[in-house]
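Participant: Quick one, structure for this:
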Amino acid sequence: MLTAVPYLGKEQSRPDGDMPLGHYYTKLLTDPYHHTNRNVTTDNWFTSVPLVQDLYDNCEMTLVGTIRGIKKEAPAQMKDTSSRELGSSAFLFTDALTLVSYVPTTSKKKKNVLLLSSMHSSPSLGQTGKPVIVEFYNKTKGGVDAFDQMSAIYSCGRCINRWPMCIFYGMIYIPVYRN
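Facilitator: From the prediction side, this is the model:
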């Protein structure tokens with residue numbers, strides 16, 4: 001973990017009250033890295049077209065993340081898997097963004113995986129047959145998954161309702177994972 005901000009529920013004191021929470025917190029947490037040409041990998045709670053465009057245009061950062069099929073930014077053609085084969089990919093491009101729709105080969109109900117990227121600009125497939133964007137996402141999301149897993153297993157925290165104590169316990173056991 002490089003930085004943290006306690007989430008205390010919907011804040012009334014946010015500078016831009018119209019900005020979605022995922023967008024606000026992603027920009028806040030990545031602020032020390034703006035204009036460093038780094039990439040951010042996010043899950044579907046944080047990923048949105050306005051966020052990806054904002055990071056790309058104003059912060060000189062790229063983002064790769066999964067996007068929910070229910071979001072208005074995902075076109076209906078990219079969500080429809082009825083006429084698609086298992087293992088197939090569909091790409092959609094704008095000037096700076098790439099949206100990929102991938103139907104995994106292990107999917108029984110033709111599950112659809114949607115990923116949005118400002119880092120990738122070509123419809124490339126990797127050696128496994130998956131889109132390069134999917135392979136990159138799977139490779140870079142592992143740090144968050146490992147951190148979450150270790151936090152759940154090795155917690156010294158207690159069930160309490162006071163957020164300062166949660167922060168205190170977090171400060172104690174987070175450095176343990178870095179060793």
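Participant: Quick check: the closest residue to D43 other than its chain neighbours vs D95, distance?
Facilitator: Excluding the flanking residues, the one nearest D43 by C-beta to C-beta, 6 or more residues apart in numbering is T66, at 5.8 Å. Just so you know, the C-beta spots here come from the backbone N, C-alpha and C atoms, and that holds for glycine as well. Per C-beta to C-beta, to the nearest Å, T66 is found 22 Å from D95.
Participant: More neighbours: which of those two?
Facilitator: Between T66 and D95, counted using other C-beta atoms under 10 Å, T66 has the larger neighbour count: 19 against 7.
Participant: hey, where'd the helices end up in this structure?
Facilitator: Using DSSP state H, the helices of the chain run over 21-30, 49-58, 76-79, 132-140, 142-153, 163-177.
Participant: picking that back up, mind listing what the residue nearest to D43 touches?
Facilitator: For T66, the contact set (C-beta atoms under 8 Å, 6 or more residues apart in numbering) comprises T42, D43, N44, T47, V113, L114, L115, L116, Y137.
Participant: And it, what's its pLDDT?
Facilitator: Looking at T66, its pLDDT stands at 83.
Participant: List the contacts of the residue nearest to L114 when sequence neighbours are not counted.
Facilitator: Closest residue in space to L114, ignoring its immediate chain neighbours: I67 at 4.8 Å, by C-beta to C-beta, 6+ apart. Contacts for I67 (C-beta under 8 Å, 6+ apart) come out as N44, T47, S48, E73, A74, L99, L114, L115, L116.
Participant: Of the residues you listed, which is the nearest to L125?
Facilitator: L115 (13.5 Å; C-beta to C-beta).
Participant: what residues are up against Q53?
Facilitator: Counted by C-beta under 8 Å, 6+ apart, Q53 has contacts A96, L97, S118.
Participant: of those, buried ones?
Facilitator: Among the contacts of Q53, those classed as buried by 16 or more other C-beta atoms under 10 Å are L97, S118.
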